[in-house]
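[1] 3D model of this:
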Amino acid sequence: MKTITIDQRELIDALLAEKDVGGISAAILEKDIHVTDALRALSAIVHEHVQLVFCGGTSLSKAYGIIERMSEDIDLKIVLPPSHGLSDSALRK
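    Residues are numbered from 1 along each chain as shown. This next block holds a predicted model:
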């Protein structure tokens, strides 16, 4: 399992010490770092026949700033072009 860096731990500790974070624990802030890292890694994946779409409540919070919440999960959809012309075995590759 990936662990956060010392700098990230210090940032969490400083945030909890200085700000009123509304009862958010260090564990929730650490989880948010992992969610952000996962999204960053997924956004770097490029495939010519597939589009990965970030959706759901986490997207409303992280991408658009419409709602304030800490995420438990991320919702993703895989979108294929309407006439991709690929066989199932080609798509699995």
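[2] make it CA atoms for all contacts and neighbour counts henceforth
    Fine.
[3] nearest residue to the middle of this structure?
    Centroid-nearest residue in the chain, with CA atoms, centre = their mean: residue 39, separated by 3.4 Å.
[4] just the element for that residue, please.
    helix 26-43 (DSSP states H and E).
[5] show residues contacting stretch 44-59.
    43, 67, 69-71, 73-81, 84 (CA atoms under 8 Å, 6 or more residues apart in numbering).
[6] from those residues, pick the one nearest residue 16.
    residue 70 (14.9 Å; CA to CA).
[7] name the SS class of that closest one, please.
    coil (DSSP: H, G, I helix; E, B strand; the rest coil).
[8] need the contact list for it.
    28, 29, 32, 58.
[9] that older thread, how close does the residue nearest to the centre of the chain get to residue 13?
    23 Å (CA to CA, to the nearest Å).
[10] can you report how many residues lie near residue 3?
    10 (other CA atoms under 10 Å).
[11] pretty sure it is in a helix, no?
    No - under three-state DSSP, residue 3 sits outside any helix and is assigned coil.
[12] phi first, then psi, for it.
    Geometry field for residue 3 lists phi and psi as phi -110, psi 160, criterion degrees, to the nearest 10.
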